[in-house]
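1. Sequence first, then the predicted structure:
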Amino acid sequence: MLQLAFIRQNRDLVKERLAVKNFADLDLVDEIISLDEKRRKTQLENDELASKVNAASKEIGMLMGKGEKEAAEQKKTEVAQYKESSKQIADELAALEQQVNDLLVKLPNLPSTLVPAGKTPEDNVNVKEAGADPVLPANAVPHWDLIKQYDIVNFELGVKITGSGFPVYKGKGAKLQRALISYFLDYNTAAGYTEYIPPYMVNEATAYGTGQLPDKEGQMYYMPADNFYMIPTAEVPVTNIYRDDILKETDLPIKMTAYTPCFRREAGSFGADVRGLNRVHQFDKVEIVQLVHPDKSYESLDEMVAHVEKLVQSLGLKYRILRLCGGDMSFTSALTYDFEVWSGAQKKWLECSSVSNFENYQTNRMKIRFKDEKGKPQLAHSLNGSSLALPRILAALLENNQTENGIVIPEVLRPYYGADILQ
RNA sequence: GGAGAGAUGCCGGAGUGGUUGAACGGGACGGUCUCGAAAACCGUUGUGCGGGCAACUGUACCGAGGGUUCGAAUCCCUCUCUCUCCGCCA
């Protein structure tokens, strides 16, 4: 969430930036500020009263020690008077704190100045487009036909076992998934990322930390018996690894990578977008996460974008990089670049990675800090990106690399897959 | 799942109602010494919120949440987690 002190000191700037994100309820900012003023006033009252009680209690202790019972009793009646108002003020203060916080989490992150205004994906800025157009055979078909032809992914089986959107990978398809995961992880660790295998279910505090809660619980699968959420992305457990920690400045940057399955309810999705592997409820993804010094986070973002770009290039896919407009970016992000690969037979761009800088929006929720030169705790910045999401990469690879003889496996994957061609 | 024990600062570990934000030890950091280092010695070593230009100061925090009391790390209740034993089990 945004920092209260920042909102207080930059009321107009905050509103102006929120408008870029098409955030409608700008009055919320004023409401928060006035509520916070009330909160501070109340705290002052509360603290002063508590101070009096504490002082009197100490005196009582000393009087008792000296055996001056009567004087002590007299003090007690004095304290009793303070206590009457103190309970009420303390409750009031707690309520105000709660109210301020409840409103504060409703504010999305401020978009960086690089974020273009806009409402829909059409307003995203195409930053770069590269890679050769795939050369397809005349009888090229989309990946949902190819997976049947080679019997590598079975959706009907997933429906039987679980429901729609839970694909079953089989044989060479399963092996190819494993090859992709291993390749992505190796590529990330070679760049200095530490590999993790986190839990795939998280508690409420964790889901809150990265911004999935409150209000967005509808996107996650929920296990009421234990109050756990299935992770929608590795970002959630991995970023929370350092929740409530105060790091040394020299610990930064912290780079982490993890493969996890991701679970998304995707309520309301329908149509051509969900065909085949384009959108599913369970999919595999390798994620990269960084915690960095606030002065360096945009440098890190560029570095991560370059990192993902090389990975996409190495697979020989045609791709483009988009800078998301205010209306298309996520609640928690300050700046996001999406990667899309060209899926030759569908003739469609498929999003395969999203790389974002959250500045201190997430770290403020998670209280991930470091001590600066002066020894003062300061919020770190958090970033993450997919490196990469598998299903759409698989879809593009299948479609773009189809030949009469089978699916050509990209060179970088061959050591992992164990063959040059999938037949 | 059953029984028992426990949860204190960066770590270990005291503390069972009063001036304790917390003894002691270790670690880390700074200094003295040294050509340099080690050792030794001296010192520093919390976080949030509020007030203050600042020095500083008020308050809260000893797993979490309630309660008792003039006063709670210390007593009571609830919850969570950890450990040990038994059962079950990949």
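-> Looks like it arrived, so ask away.
2. Just list whatever residues bridge to the closest residue to RNA strand B within the stretch 151-300 of chain A.
-> Of all residues in the stretch 151-300 of chain A, residue A:246 sits closest to RNA strand B, with a separation of 5.9 Å (CB to the nearest atom of the strand). (C-beta placed from N, C-alpha, C; glycine too.) Residue A:246 has these beta-bridge partners by DSSP bridges: residue A:369.
3. ok, it - contacts?
-> A:369, A:370, A:371, A:377 (CB atoms under 8 Å, 6 or more residues apart in numbering).
4. quick one: residue A:101 from RNA strand B, how far?
-> Distance of residue A:101 to RNA strand B, given as CB to the nearest atom of the strand, to the nearest Å: 11 Å.
5. What's the mean pLDDT across the helix or strand harbouring residue A:70?
-> For residue A:70, the host element (DSSP states H and E) is helix A:69-104. Along helix A:69-104, the predicted local confidence has a mean pLDDT of 85.
6. try stretch A:333-344
-> When pLDDT is averaged along stretch A:333-344, the result is 96.
7. what's the offset of that stretch from the middle of its chain?
-> Its chain's C-alpha centre and that of stretch A:333-344 lie 15 Å apart, by CA atoms, centre = their mean, to the nearest Å.
8. cool, stretch A:325-335 as well?
-> Centroid separation between stretch A:325-335 and its chain, computed with CA atoms, centre = their mean, is 12 Å.
9. pull the CA atoms of that stretch into PDB?
-> Below are the C-alpha coordinates for stretch A:325-335, written out as PDB (Å, rounded to 0.1, in the frame of the first residue of the first chain):
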ATOM      1  CA  CYS A 325      -1.100   1.700 -20.000                       C
ATOM      2  CA  GLY A 326      -2.700   2.900 -16.800                       C
ATOM      3  CA  GLY A 327      -5.900   1.100 -17.500                       C
ATOM      4  CA  ASP A 328      -4.300  -2.300 -18.200                       C
ATOM      5  CA  MET A 329      -1.800  -2.600 -15.500                       C
ATOM      6  CA  SER A 330      -2.300  -4.400 -12.200                       C
ATOM      7  CA  PHE A 331      -3.500  -2.800  -9.000                       C
ATOM      8  CA  THR A 332      -0.100  -3.200  -7.300                       C
ATOM      9  CA  SER A 333       2.200  -2.300 -10.100                       C
ATOM     10  CA  ALA A 334       4.000   1.000 -10.800                       C
ATOM     11  CA  LEU A 335       5.300   0.000 -14.200                       C
END
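10. for RNA strand B, what are the nearby residues on the stretch 51-200 of chain A?
-> For the stretch 51-200 of chain A, the residues found near RNA strand B under the criterion CB under 7 Å from any atom of the strand are A:51, A:53-58, A:60-62, A:64-65, A:76, A:79-80, A:83, A:94.
11. Filter these down to the buried ones.
-> The neighbour count (16 or more other CB atoms under 10 Å) marks A:53, A:56, A:60, A:79 as buried among these.
12. So which of the residues you listed belong to helices?
-> The helices in this structure, assigned by DSSP state H, contain A:53, A:56, A:60, A:79 from these.
13. And those residues, which two are furthest apart?
-> For these, with distances taken as CB to CB, the pair at the greatest spread is A:53 and A:60 (10.4 Å).
14. so what sits against both of those two?
-> Contacts common to residue A:53 and residue A:60, judged by CB under 8 Å, 6+ apart, are residue A:79.
15. what sits against residue A:20?
-> Taking CB under 8 Å, 6+ apart as the contact definition, residue A:20 lies against A:111, A:115, A:117, A:326.
16. ok, and for the helix holding residue A:70, which residues are buried?
-> A:72, A:75, A:79, A:82, A:86, A:89-90, A:92-93, A:96, A:99-100, A:103-104.
17. on that earlier part again, can I get the contacts of residue A:246 in TSV including neighbour count?
-> Shown next, in TSV, are these (neighbours: other CB atoms under 10 Å):
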residue	neighbour count
A:369	19
A:370	24
A:371	15
A:377	12
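18. so who does the residue nearest to residue A:284 when sequence neighbours are not counted touch?
-> Excluding its sequence neighbours, the residue lying closest to residue A:284 (CB to CB, 6 or more residues apart in numbering) is residue A:390, at 4.3 Å. Going by CB under 8 Å, 6+ apart, residue A:390 touches A:177, A:180, A:181, A:283, A:284, A:285, A:286.
19. before we move on, what about residue A:264?
-> Residues in contact with residue A:264, defined by CB under 8 Å, 6+ apart, are A:219, A:220, A:232, A:281, A:283.
20. So it versus residue A:308, what's the distance?
-> Using CB to CB, to the nearest Å, we find residue A:264 at a distance of 20 Å from residue A:308.
21. cool, and residue A:251?
-> Applying CB to CB, the value for residue A:251 to residue A:308 is 24 Å.
22. Pick out whichever of the two has more residues nearby.
-> A direct count of neighbours by other CB atoms under 10 Å for residue A:251 and residue A:308 places residue A:308 higher, at 25 against 14.
23. which residues touch the more buried one?
-> Neighbour list for residue A:308: A:288, A:339, A:353, A:355, A:385, A:386, A:387, A:388 [criterion: CB under 8 Å, 6+ apart].
24. secondary structure element for it?
-> helix A:297-314.
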